[in-house]
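Visitor: Structure of the sequence below:
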Amino acid sequence: MTNPTRDIAAYLAQFDDIPGTRVYTARRARQGYHLNQFAMSLMKADNRERFKADEAAYLSEWTLTQAQKAAVLARDYNAMLDEGGNIYFLAKIFSTDGRSFQYAAGTMTGMTQDEYAAMMLAGGRSPEGQRSIQAALSMNAEEALQAELDRSADGESR
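Guide: Here you go, the predicted model:
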């Protein structure tokens, strides 16, 4: 049974606490609706050609924020995600550019495509340091408290 008094905003805020991860929530879906619709328009060859001919003009036909337009023009996929883009819709953009998913993922992690491929073939990114920010802060506080208790037990003082 679910807790009817659960604060949904607090629950969803937990997802913003995962370093380097953007969880695609309903809020992000609403934020990126027009960005994702633009990206999906690139499934049609005539739209891809119009976009490639004059990107800024094609983008002006869509109800995008300035930040969304800037992110698309810069091919800043992390910024597009921050602006509500869904990676599966954004794939239409890098596909239009003749780029692979592996290439886009590399740019999103600050790596070249080859570096990204090698990292993934070697087992992926280490989970160390990729945990909850709040949990890490809590852990550090608990460790500090335990160290203080240990010092007190040993008769040390600060």
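Visitor: Dihedrals phi and psi, the residue nearest the centre of the chain?
Guide: Note on the chain: the residue nearest the mean C-alpha position is Arg22, at 3.6 Å, using CA atoms, centre = their mean. Main-chain torsions, Arg22, degrees, to the nearest 10: phi -120, psi 110.
Visitor: ok, Gly85 touching Gln31?
Guide: No. In terms of CB atoms under 8 Å, Gly85 does not count as a neighbour of Gln31; the distance is 9.0 Å. Every residue, glycine included, has its C-beta placed from N, CA and C.
Visitor: The nearest residue to Ile87 once chain neighbours are set aside: what's it in contact with?
Guide: Distances taken as CB to CB, 6 or more residues apart in numbering put Leu81 closest to Ile87, at 6.7 Å, once the chain neighbours are dropped. Leu81 is in contact with Arg22, Ile87, Leu90, Met108, counting by CB atoms under 8 Å, 6 or more residues apart in numbering.
Visitor: Show me what counts as buried in stretch 9-29.
Guide: Along stretch 9-29, the positions that meet the burial threshold by neighbour count (16 or more other CB atoms under 10 Å) are Arg22, Arg28.
Visitor: now stretch 100-107
Guide: Taking 16+ other CB under 10 Å as the neighbour-count basis, stretch 100-107 is seen to contain the buried residues Tyr103, Ala104, Ala105, Gly106, Thr107.
Visitor: Take these and write them to a markdown table, including secondary structure and pLDDT.
Guide: Putting the buried residues of stretch 100-107 into a markdown table (DSSP: H, G, I helix; E, B strand; the rest coil; pLDDT from 0 to 100) gives the following:
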| residue | secondary structure | pLDDT |
| --- | --- | --- |
| Tyr103 | helix | 94 |
| Ala104 | helix | 93 |
| Ala105 | helix | 91 |
| Gly106 | helix | 92 |
| Thr107 | helix | 91 |
